[in-house]
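>>> Need coordinates for the below:
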Amino acid sequence: MRNWYRALVSLALITLLGGTASAWPELKLYPDWPGSLVVINPYDTQVHKVVMKNIGDAELLVSQVIPVQLLPASPLWLTVSTTGPLYVAAGDSATVLVTVHSLGGVVNQQGTVVFWSDSRNQADSQSVNLQLMPPEPPDAFSDTLATSCTRLVVGSFGNIGSQGREKVNLDYFNFGDCDTVDSLLGNTKVYLYDGSPVILRHQLSPDSIFASWSIFNNGFSSPYEFKKVTDQSAPIFGHSNTITSSYQKVQSDELITPDSLLTVEKTWWAPRNSGDSCNFVIQQMRLFPYKGTAVSGLTIGEAIDWDIPSDTAALNTGGFDAGRNLVYQRGWDKPVDPTQCQPNSARFGGMAMLGYHTQALYHVDACANNTSMWGGYTAPNETYVYPTGGFVPRELWNNMQSPGFSAPSQVKDYHSVLTFTNNYTLPANETLTVYVALASVKNGTATDLRTAIDKAKRWARNHAIVGCPSCCTAPTTGDLNGDGTVDIQDISCLVDNLFIGLEPCWTCFAEADVDKSGSIDISDLQSLIDYLFNGIALPTCE
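Just a heads-up that it's a prediction; the model follows:
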């Protein structure tokens, strides 16, 4: 506005003085790529044109053309055919060729080309921005983890829930839920709508936030989406789906953050034995430097948008249990709702950080997980998601800076965030491994959710944490109730579970898997009977 005002004032003065208006050059740039995104295969080279059109009525001087590599600063990947000066007559144009080279191992290269000129429509310069990305992988996957009473969809990019599209979201719709009429009582096919890791890197100078997540993603072009890479270092990590008698395990692809500094690997386990609780899934995230250099200023966590079934859309209340590192959401009931088959306030979904360790600590004791966590909170989507369709890096970083736990009591559509560690430095040759339990309750209380988290922690120790000593520490298997002896009480415990349907009395799967077959069933009962009444020895603990 100031330039136009100045031009009008100059014209008026010249007219009053009986002169003619001065001529001005004016620069307009025409990049040959849409927006700022350039899609390029790893190690390829592309040449793009920037047309400098002089739409003014005097000769234009472009004094300098400056390529600026923002990410990474080196090695050289951005060059221009000329750095100036260039003279462009009124109404004419000139072309600068911009050459970009994909570095292959870097998934997000960012740069800009700055044009300094005497154009009247700018203070000093104009620029065109570039963001180099590899093509979207054609083999992105989504897999379904299944227990005996619920399921969860997981995906290539460390994401869970798939924004509710798959309707496989720690729900019970096909597992005895009394509410199967979505139009009346909300969508009971979705408990966990969407979720992913959130990794933020705060750079002090300049003060900026580099953000990585796949929750609420906008697809391949999102600047925050984790990117797939091919693991070329042993042990090789990539997508897999494994089913054993004890569990189903799914691995994500190997991912790196958009700033190409951190590698992320996700693994999920779903218990499959009839003797295990079925309403939880275990999640492991491994994080280490991609380029072998330390990364500092990290805020690391997990975000989930729960939509616990309610009488009105996804309106929930929030809660937490700081002692369990648990943040959860709860369904909501209208004051009067005669149509419902059960109270939706008896539905819950939550996530809890079970522990984390570094590689150095793991070598000392694989089970010595650090359970000290920075914090967790629940926040309204209408404030932090709806305005932009997703998170805003600075807002998310600000929220994750608050230590401790918080959850509002108002009825709203919420998301929940766990902050595992804040302002963290990941050393060059270290790996941070974090275990999280995801659990839901169909018809129960917050105490039932806490119980599920406790069982998930024990299950993770017995199955998911490699190298963790077995919980079976007695000379033999069979001490189901943990009282130090194998007797008739252990038989009663197993009968109650197998034939009456009571919750398992045992906390150690390895003790209850009496015959060490990998499952808990009637053969374990037979082994106990043979031991107590026929004198047949039990297997030893390992």
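
>>> which residues in the stretch 1-150 of the chain form helices?
Under the criterion DSSP state H, counting those that start in this stretch, the stretch 1-150 of the chain contains helices at 2-16.

>>> ok, now the chain?
2-16, 182-185, 359-364, 381-384, 393-400, 446-463, 488-495, 509-512, 522-534 (DSSP state H).

>>> Tabulate these (JSON lines), appending mean pLDDT and mean neighbour count.
In this view, the C-beta of every residue, glycine as well, is placed from N, C-alpha and C. Below are those laid out as JSON lines (pLDDT from 0 to 100; neighbours: other Cβ atoms under 10 Å):
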{"stretch": "helix 2-16", "mean pLDDT": "40", "mean neighbour count": "11"}
{"stretch": "helix 182-185", "mean pLDDT": "50", "mean neighbour count": "14"}
{"stretch": "helix 359-364", "mean pLDDT": "63", "mean neighbour count": "13"}
{"stretch": "helix 381-384", "mean pLDDT": "94", "mean neighbour count": "14"}
{"stretch": "helix 393-400", "mean pLDDT": "97", "mean neighbour count": "18"}
{"stretch": "helix 446-463", "mean pLDDT": "88", "mean neighbour count": "20"}
{"stretch": "helix 488-495", "mean pLDDT": "92", "mean neighbour count": "18"}
{"stretch": "helix 509-512", "mean pLDDT": "80", "mean neighbour count": "23"}
{"stretch": "helix 522-534", "mean pLDDT": "92", "mean neighbour count": "16"}
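
>>> Now tabulate these in TSV and tack on distance to residue 335.
Formatted as TSV, the helices of the chain follow (distance: least, Cβ to Cβ, whole Å):
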stretch	distance to residue 335
helix 2-16	59
helix 182-185	15
helix 359-364	51
helix 381-384	22
helix 393-400	32
helix 446-463	21
helix 488-495	43
helix 509-512	44
helix 522-534	48
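
>>> Can you check which of those helices gets nearest to residue 84?
helix 2-16 (22.3 Å; Cβ to Cβ).

>>> thinking again about what came up before, which one of the helices of the chain lies closest to residue 81?
helix 2-16 (29.5 Å).

>>> on that earlier part again, looking at the helices of the chain, which is nearest to residue 317?
Per Cβ to Cβ, nearest to residue 317 of these: helix 446-463, 10.7 Å.

>>> chain center to that closest one, what's the gap?
Computed by Cα atoms, centre = their mean, to the nearest Å, the chain-centroid distance of helix 446-463 equals 22 Å.

>>> Next, the residues that contact that helix from outside, please.
Contacts with helix 446-463, where a contact means Cβ atoms under 8 Å, 6 or more residues apart in numbering, come from 246-247, 269, 271, 276-277, 279-280, 282, 319, 321, 324, 326, 328, 330, 348, 350, 352, 354, 367, 435, 437, 439-441, 468, 470-471, 507-510.

>>> Nearest to residue 201, out of the helices of the chain?
Closest among these, using Cβ to Cβ: helix 393-400, at 9.4 Å.

>>> Extract the C-alpha trace of the closest one and format it as PDB.
Coordinates of the C-alpha atoms in helix 393-400 are reproduced here as PDB (Å, rounded to 0.1, in the frame of the first residue of the first chain):
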ATOM      1  CA  PRO A 393       3.600 -26.800  15.900                       C
ATOM      2  CA  ARG A 394       4.000 -23.800  18.200                       C
ATOM      3  CA  GLU A 395       0.700 -24.500  19.900                       C
ATOM      4  CA  LEU A 396       1.500 -28.200  20.400                       C
ATOM      5  CA  TRP A 397       4.900 -27.400  21.700                       C
ATOM      6  CA  ASN A 398       3.600 -24.800  24.200                       C
ATOM      7  CA  ASN A 399       1.000 -27.300  25.500                       C
ATOM      8  CA  MET A 400       3.600 -30.100  25.900                       C
END
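
>>> So which elements touch it?
Under the contact criterion of 3 or more Cβ pairs under 8 Å, 6 or more residues apart in numbering; DSSP states H and E, helix 393-400 touches strand 192-203, strand 208-213, strand 295-306, strand 375-380, helix 381-384, strand 414-426.

>>> between the helices of the chain, which gets nearest to residue 119?
helix 2-16 (9.5 Å).

>>> thinking again about what came up before, any quick PyMOL command for the buried ones out of the contacts of helix 446-463?
Command for PyMOL, covering only those of the contacts of helix 446-463 found buried under the criterion 16 or more other Cβ atoms under 10 Å:
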select buried, resi 246+247+269+271+276+277+279+280+282+319+321+324+326+328+330+348+350+352+354+435+437+439+440+441+468+471+507+508+509+510
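
>>> The contacts of helix 446-463 in strands, which ones?
If you go by DSSP state E, the contacts of helix 446-463 have 247, 269, 271, 280, 282, 319, 321, 326, 328, 330, 348, 350, 352, 354, 435, 437, 439-441 in strands.

>>> show me the contacts for the closest residue to residue 438 other than its chain neighbours.
Nearest non-adjacent residue to residue 438, counting by Cβ to Cβ, 6 or more residues apart in numbering: residue 281, 4.8 Å away. Residues near residue 281 by Cβ under 8 Å, 6+ apart: 145, 147, 152, 170, 268-270, 437-439.

>>> what's the distance between residue 281 and residue 247?
From residue 281 across to residue 247, the span is 10 Å (Cβ to Cβ, to the nearest Å).

>>> what does residue 398 give?
38 Å.

>>> And residue 32, by the same measure?
52 Å.

>>> Residue 40 is nearest to which of the helices and strands packed on helix 393-400?
strand 208-213 (20.6 Å).

>>> And for residue 321, nearest residue in space, chain neighbours not counted?
Distance criterion Cβ to Cβ, 6+ apart; nearest residue to residue 321, sequence neighbours excluded, is residue 450 at 5.9 Å.

>>> What segments of the stretch 1-150 of the chain are strands?
For the stretch 1-150 of the chain, the strands defined by DSSP state E, counting those that start in this stretch cover 27-31, 37-39, 45-54, 60-71, 78-80, 86-88, 93-101, 109-117, 125-133, 142-146.
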